[in-house]
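*Asks:* Quick one: sequence plus predicted model below, questions after.
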Number of protein chains: 2
Amino acid sequence: MTTSTTRRKHIVVIGAGFGGVSFCQNFPAGLAEITLVDRNNYHLFQPLLYQVATADLSPSDIAEPIRTIFDRRQDVTVLMDEVTDINLRDRQVIMRRRMLSYDYLVLAIGARTSYFGHDDWARYAGGLKGIDDALAIRNRVLTAFEEAENCTDPEQVKRLTTFVVVGGGPTGVELAGALGELTRRILKRDFKRIDTSRARVFLIQGAPRLLPPYHASLSEYARQKLVQLGVDVRVSARVTRVGPHQVELADGKIIEAATIIWCAGVEGHPLVRKLGLPLDHNGRLKVQPDLRLPAHPEVLAIGDIAALTDARGRDVPGVAPAALQMGRYAARVLTAELRGHPAPPPFVYFDKGSMATIGRAAAVLEIGRLRMTGLIAWIGWLIVHLAMLVGFNNKVSVLTEWIFRYITYRQGARIITAPRTEELLRNTPSQ
Amino acid sequence: MTTSTTRRKHIVVIGAGFGGVSFCQNFPAGLAEITLVDRNNYHLFQPLLYQVATADLSPSDIAEPIRTIFDRRQDVTVLMDEVTDINLRDRQVIMRRRMLSYDYLVLAIGARTSYFGHDDWARYAGGLKGIDDALAIRNRVLTAFEEAENCTDPEQVKRLTTFVVVGGGPTGVELAGALGELTRRILKRDFKRIDTSRARVFLIQGAPRLLPPYHASLSEYARQKLVQLGVDVRVSARVTRVGPHQVELADGKIIEAATIIWCAGVEGHPLVRKLGLPLDHNGRLKVQPDLRLPAHPEVLAIGDIAALTDARGRDVPGVAPAALQMGRYAARVLTAELRGHPAPPPFVYFDKGSMATIGRAAAVLEIGRLRMTGLIAWIGWLIVHLAMLVGFNNKVSVLTEWIFRYITYRQGARIITAPRTEELLRNTPSQ
């Protein structure tokens, strides 16, 4: 019981991704009342989401109940609800089921898949942002093979066993690599009538090389590894049209594929478009060097929703480490304000390096001028990701899964949880 | 390559539960062509399904792809499709997407939840037969607490945190016990505004005691353990009406509960009603002592769909060991016929004993005259269930999960995969 007569300030945090959770964890317990709102009851470890899509991991392996993360924080209230609007003038957050007033607002609402103005393509080419997306891809891929196994029309079999991944950034590369392994190695012995290793996985990249932020030698390594896994890598290839089970490229090539996955871009959550505030070309909120909104100093934006060139002139990228750092920084800003201390110096993004995995024992890693590939990079990737799972209950079972899979060449979650046979076929051109 | 001029006989097996899988595993490889049809791509380890409902386990922990089970059997074709009808005269199985002709048919299609003629109750009180059911219950239970945490109306909170399990057989007892532990122990520290241990779990049993097939002393032990877990056990209590978030008992008591789960009975799969064959009062096919249908000796029924009093005068119960034994026996019958050997003696059910778990370190076990309760029985239950998971890839991760949970008092899969807040509320009577 507080006997203080001054009401504690109320901070509303929207989004329990890396940014929102980091803010709450770094904000001193008891200094304010915090309400953390998310549409889901879990915090998602997004860097491993593609492994749910390829049936390597179960959703609960990479999702942790938000309540569990804050079970010792009496000052953090967790709310499962969806924010529909924000009234910046009256400092109110409007949700589907209730409304909240705030003194400070931390916007950590994240990004969604961007189709660069072609939102109608979403119908034919789902993204990979949440667990529902991942399970939809998994169901689709596994169902496609089930269908192909019992299909007598060779054209239809070809279409069913063709997978197109659009986008050659880390997500696209990791997903295409995992699909290559799934079709070439893991599913091979399950199917008898079709040869799953004849399945085709396309990776379509608009830029001249994969993983553009990396050094060119790593891009080339990734390309070679993907080709070894049977992935048909197309660079400098622009998608001009996506239709039902069809992708058309700028060079006129049409790829017929039952499964198309869009990993080509992200944009700020559409909610922020309603706010009438300055956005960058990716629909992200422009923030000041202290992460506050220019017109609303009581509102901070962090993570993928924030567009910022930091104090050293570096564009802060939309990656998990940046969100974690912004969350920590935003906590410092508000702590200083509430305690009447001087504001901290402007935000500076510290690049700890980047890594992406391509397949079994193959990864790329770049830390400053240090570049690594192969088994060593893969082990580094494994260690970093397991370490990042700290705080996640599930790391024990994820670790067992990984070791078990590595030994047996099997996959743990190869089940279709919502059979969608009919949907898959209904959209398929007949003959 | 077979060079024999006689076509191999075609056996169609409908259902990849314990019965269907056991038949295929025990049937000699290469003696016939087998097609195994199931609506799902996985075989489900149903005895642990309730642990998916209570967020202890993930679906993939207890589901194994059917293809993986038979990946070395060239004579077994696995088909994912739903059977809509059977033409017994022309020996054809009609499915949603194709048709199959058979020489022999093994019906292992199983049971579904029975509402004893009140099928409209299904809308308000779901059963627990498949993974979808289990996930629906999990989402419902977790969402109810999410709602209650942020609800100011005490009546509504009470309704949201009341759970009714109808049926005091093994499934109902295990589920009620697990819900008791979930609310009393595991969720307790996640929620701050509501005291989850004040949640009410009702177990409604029509018979005068729980677990009727067990010795009365075990029923009493189970009842006491459930009461210790905070479960309100009502025996000799008949449900007279189920409405939206309401259960009415014969004594006039009305329980208002956001979540009602029906574990009171099962009946044969509705497909068999179309066949015009003699059924018992539970909608199961009456079979001969050799598991064949009286009018169609080329059709065998095994598992929960078969009604049989065995050669020793014992009614074969609808449990996993009985299905396994019938599958093995049916394989012997058809093997003998195809090889021109004499038919085996009539089927006899071998009762290996029964066991049910009530909660942490509490179970009942009965093998003939041997009866055990408490920790010893629970360890027995654990060993038997892990042993039965043999052939399941996932036993390693299930084992880790269990050990981890036992040590930490936490649960592994406490995530809401499809938020259903609105559905939960829409049906709730206002005020």
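*Replies:* Thanks, I have it.

*Asks:* How are the helices of chain A distributed by residue range?
*Replies:* When assigned using DSSP state H, the helices of chain A occupy the ranges A:18-26, A:49-53, A:66-69, A:131-149, A:154-160, A:170-181, A:216-228, A:320-339, A:374-388, A:395-408, A:421-426.

*Asks:* show me the contacts for the closest residue to residue A:327 other than its chain neighbours.
*Replies:* Distance criterion C-beta to C-beta, 6 or more residues apart in numbering or on different chains; nearest residue to residue A:327, sequence neighbours excluded, is residue A:22 at 2.7 Å. (Each C-beta comes from the backbone N, C-alpha and C, glycine too.) Residue A:22 makes contact with A:302, A:323-328, A:331 under the criterion C-beta atoms under 8 Å, 6 or more residues apart in numbering or on different chains.

*Asks:* any idea how far residue A:289 is from residue A:22?
*Replies:* Residue A:22 sits 19 Å away from residue A:289, going by C-beta to C-beta, to the nearest Å.

*Asks:* follow-up on the earlier one: ranking the helices of chain A by mean pLDDT, which is last?
*Replies:* Ranked by mean pLDDT, those bottom out at helix A:421-426, with a mean of 41.

*Asks:* got TSV for the helices of chain A, with distance to residue B:68 too?
*Replies:* Below are the helices of chain A laid out as TSV (distance: least, C-beta to C-beta, whole Å):
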stretch	distance to residue B:68
helix A:18-26	35
helix A:49-53	18
helix A:66-69	33
helix A:131-149	12
helix A:154-160	20
helix A:170-181	16
helix A:216-228	25
helix A:320-339	33
helix A:374-388	25
helix A:395-408	11
helix A:421-426	19
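
*Asks:* what's the closest of the ones you listed to residue A:246?
*Replies:* Closest approach to residue A:246 among the helices of chain A (C-beta to C-beta): helix A:154-160, 9.4 Å.

*Asks:* Which residue ranges make up each domain of chain A?
*Replies:* A:10-39+A:81-113+A:267-339, A:119-264+A:361-426 (automatic domain parsing).

*Asks:* So which of those domains is nearest residue B:168?
*Replies:* Closest approach to residue B:168 among these is made by domain A:119-264+A:361-426 (29.7 Å; C-beta to C-beta).

*Asks:* how much distance is there from stretch A:78-94 to the middle of the chain?
*Replies:* Chain-centre distance of stretch A:78-94: 24 Å, with C-alpha atoms, centre = their mean, to the nearest Å.

*Asks:* Pairing partners for residue A:259 in the sheet, please.
*Replies:* residue A:163 (DSSP bridges).

*Asks:* That one and chain B, how far apart?
*Replies:* As for residue A:259, its distance to chain B is 16 Å (criterion: C-beta to the nearest C-beta, to the nearest Å).

*Asks:* residues in contact with residue A:298?
*Replies:* The contact partners of residue A:298, by C-beta under 8 Å, 6+ apart, come to A:91, A:102-105, A:292.

*Asks:* Distance-wise, check the closest residue to residue A:309 other than its chain neighbours relative to residue A:216.
*Replies:* Among residues not flanking residue A:309 along the chain, residue A:315 sits closest, at 5.4 Å (C-beta to C-beta, 6+ apart). When distance is defined by C-beta to C-beta, residue A:315 is 20 Å away from residue A:216.

*Asks:* and what of residue A:117?
*Replies:* Distance, residue A:117 to residue A:216, by C-beta to C-beta: 30 Å.

*Asks:* And for residue A:35?
*Replies:* Taken as C-beta to C-beta, the span from residue A:35 to residue A:216 is 46 Å.

*Asks:* Of those two, which one has the most company?
*Replies:* Between residue A:35 and residue A:216, counting by other C-beta atoms under 10 Å in any protein chain shown, residue A:35 is the more crowded of the two (19 against 11).

*Asks:* ok now do the residue of the stretch 151-300 of chain A found nearest chain B, which residues does it touch?
*Replies:* At 3.8 Å from chain B, residue A:190 is the closest residue in the stretch 151-300 of chain A, using C-beta to the nearest C-beta. Residue A:190 sits next to A:145, A:196, A:414, B:65, B:67-68, B:71 when contact means C-beta under 8 Å, 6+ apart.

*Asks:* do residue A:109 as well
*Replies:* Residue A:109 is in contact with A:14-15, A:83, A:269, A:271-272, A:305, counting by C-beta under 8 Å, 6+ apart.

*Asks:* okay if I get those as TSV plus pLDDT, distance to chain B and neighbour count?
*Replies:* Shown next, in TSV, are those (pLDDT from 0 to 100; distance: C-beta to the nearest C-beta, whole Å; neighbours: other C-beta atoms under 10 Å in any protein chain shown):
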residue	pLDDT	distance to chain B	neighbour count
A:14	98	15	28
A:15	97	15	26
A:83	96	13	21
A:269	95	17	21
A:271	95	17	17
A:272	95	22	19
A:305	97	21	29
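
*Asks:* Mind checking the helices of chain A for the one nearest to residue B:238?
*Replies:* Going by C-beta to C-beta, the one of these nearest residue B:238 is helix A:66-69, 37.9 Å.

*Asks:* which helices and strands sit right next to the closest one?
*Replies:* Other elements packing on helix A:66-69 under the criterion 3 or more C-beta pairs under 8 Å, 6 or more residues apart in numbering or on different chains; DSSP states H and E are helix A:18-26, strand A:42-44.

*Asks:* Can you add distance to residue B:161 and give these back as a markdown table?
*Replies:* Formatted as a markdown table, these follow (distance: least, C-beta to C-beta, whole Å):
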| stretch | distance to residue B:161 |
| --- | --- |
| helix A:18-26 | 26 |
| strand A:42-44 | 21 |
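
*Asks:* do you know which of these lies nearest residue A:369?
*Replies:* When the helices and strands packed on helix A:66-69 are compared by C-beta to C-beta, helix A:18-26 sits nearest residue A:369, at 26.4 Å.

*Asks:* In the stretch 251-400 of chain A, where is pLDDT below threshold?
*Replies:* For the stretch 251-400 of chain A, applying pLDDT under 70 flags the ranges A:389-400.
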